[in-house]
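# Here is a sequence with its predicted model. Questions after.
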Amino acid sequence: LPVAVVIIAFVGLTMQRAEINRITLPDGRVVMMTLEPVLTDTVLDLWEPHGWRWRSFLNGGNATYSEDGSFTDAPLLVLAKDGRHLMVRRGGIWTDCWTTEAKPRSCASGENGQPVTRAEWLSRSAQIAATIGLDPS
């Protein structure tokens with residue numbers, strides 16, 4: 001019995017979301033970025049309060065993730081100065097961008113496919129920077 005309790009406690013602790021940071025949008029909504037409990041990849045997601053629970057900010061979608069572990073350092077949720085765009089910066093580049101409307105829309109191209117190569121990630125970051133007018137550094 002004590003071994004089962006230790007195993008259950010360990011699994012419970014390792015399978016929890018870890019908050020990275022929170023942003024308050026101009027309309028007062030709060031968005032939280034989390035590191036999801038996935039053992040094989042670095043998976044980030046965005047959440048907003050809904051009553052006493054949190055619900056997906058992206059309506060069931062996820063932020064992009066890196067299969068090969070590139071561009072995963074120092075993840076940060078950033079709000080554009082004009083308050084109209086919410087971005088994720090990882091590894092020194094923009095990886096994701098959404099509008100801050102009630103129903104967020106992506107402002108990054110290539111949503112039909114996940115960037116794979118370094119060139120695709122850098123191109124995506126440059127496209128986001130051009131859209132929002134803000135360099136990821």
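Everything's here; your move. Residues are numbered from 1 along each chain as shown.
# Can you give me the buried ones in stretch 37-49?
Buried residues in stretch 37-49, counting neighbours by 16 or more other Cβ atoms under 10 Å, are found at 42-48. C-beta coordinates here come from the backbone N, C-alpha and C atoms, glycine included.
# Now pLDDT and distance to residue 74 too, for those residues, in TSV please.
As requested, those are exported to TSV (pLDDT from 0 to 100; distance: Cβ to Cβ, whole Å):
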residue	pLDDT	distance to residue 74
42	76	11
43	80	16
44	84	12
45	87	17
46	90	17
47	89	20
48	90	23
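# which pair in those residues spans the largest distance?
The span of the buried residues of stretch 37-49, defined through Cβ to Cβ, is set by 42 and 48 at 21.4 Å.
# Please report how far residue 118 lies from residue 91.
For residue 118, the distance to residue 91 equals 10 Å [Cβ to Cβ, to the nearest Å].
# Could you do residue 59 as well?
Per Cβ to Cβ, residue 59 is found 26 Å from residue 91.
# These two: which is more packed in?
residue 91 (16 against 8; other Cβ atoms under 10 Å).
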